[in-house]
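> show me how the following folds:
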Amino acid sequence: MAPKTIIITGCSSGLGYHTAIYLAQQDYQVYASVRRNSDLNLFTHLPPQHQPQPFLLDLRWSQSRISKIISSLPTPPEVLINNAGYGFFGTLDTISVDHLQQQLEVNLYGTYKVIKAVLPSMRSRRAGLIINISSILGLFSLPGYGPYSISKFSIEALTQTLRHEETPFGIKTVSLNPGSFSTNFWKNSQLPRLNSKRTLSPHQQFNSNLKASFANPRRQHTRSHPLQVAKVINQLISTQNYPANVPIGLDAQLLYYLHRLLPRPLFFWIVKTIAHAPRPQQNA
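The predicted model follows:
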């Protein structure tokens, strides 16, 4: 039997990079999207039989261009893993409409465009698996995490809708809700320019503290290894049980069940403490 064909977006680093390598080592045919020409050689150090096949894809490209690229791959995908995305953080009064549009353009619309590109072939086979990498922050938000959470809440809605609409065609959809992992995600995250006049707000100090909290050593100690995500995905691919949400990492699993069980005020007090979330000054 030929190995399953998998497309993974956002494989230049982080979760996508590690997942692409791990799944290729499990003898899947992996097509790994990257944004830069320089990243097309990322996997050449691996044995040829276990090399993900990189291809260029930018989620900001048009639907027609993305669909053409996906359809030009040698084998139609049986599994799509939507991983590409980035984080934009800051209190909402310092976020411009452009900032939010850019966040949604990649994290939501980009994901949607790739899904649109694979649906026809999956429907024709009446089989397929779509795994959307959401976040534990797609289930609740925190001060300063609004733009990113808005994009991930949207991914949750997208996943739920696909589960309703595409299950009759044999297409399964799952949302993964990872916590904090040892990647460059926080390092590469963006915040508004805090020294510009238009971002002056009562939350200026809060945003500065938020940026500093991303480099907090305590965060590093509690981060999980990206291979945890890759192994969960491997299990999902080989199973017949597809839950709506899968929290990954001890922090995400803890928060997921606390969110379901505890009264909201108590939950948010606990989660702000666990996440080391800075609080806006009350007298600002």
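
> average pLDDT across stretch 82-93?
Stretch 82-93 carries an average pLDDT of 90.

> I meant stretch 165-174, not that one.
97.

> can you dump the C-alpha coordinates of it into PDB?
Extracted C-alpha coordinates of stretch 165-174, given in PDB (Å, rounded to 0.1, in the frame of the first residue of the first chain):
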ATOM      1  CA  GLU A 165     -20.500  20.100   6.500                       C
ATOM      2  CA  GLU A 166     -17.800  17.700   5.300                       C
ATOM      3  CA  THR A 167     -18.400  14.600   7.500                       C
ATOM      4  CA  PRO A 168     -21.000  13.300   5.000                       C
ATOM      5  CA  PHE A 169     -18.300  13.400   2.300                       C
ATOM      6  CA  GLY A 170     -15.900  11.300   4.500                       C
ATOM      7  CA  ILE A 171     -13.700  14.200   5.400                       C
ATOM      8  CA  LYS A 172     -12.800  14.400   9.100                       C
ATOM      9  CA  THR A 173     -11.700  17.700  10.800                       C
ATOM     10  CA  VAL A 174      -9.800  18.100  14.100                       C
END
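
> list the contacts of that stretch.
The contact list for stretch 165-174 (CB atoms under 8 Å, 6 or more residues apart in numbering) reads 119, 122-123, 125-132, 159, 162-163, 236, 242-246. C-beta: built from backbone N, CA, C; applies to glycine.

> restricted to helices, list those residues.
Using DSSP state H, 119, 122, 123, 125, 159, 162, 163, 236 are the members of these that sit in helices.

> burial measure for the fourth one, as a count.
Looking back up the chat, that one is residue 125. By other CB atoms under 10 Å, 13 other residues sit near residue 125.

> measure it to residue 4 for me?
Distance of residue 125 to residue 4, given as CB to CB, to the nearest Å: 12 Å.

> same check, this time on the second one
In this view, residue 122 and residue 4 are 12 Å apart by CB to CB.

> likewise the fifth one?
Using CB to CB, one gets 21 Å for the distance from residue 159 to residue 4.

> repeat that for the third one.
Counting by CB to CB, the separation of residue 123 from residue 4 is 17 Å.

> out of these two, which sits in the more crowded spot?
Using other CB under 10 Å as the criterion, residue 123 and residue 4 rank with residue 4 on top: 18 against 15.

> my guess is that one meets residue 236, correct?
No. Using CB atoms under 8 Å, residue 4 is not in contact with residue 236, being 11.8 Å away.
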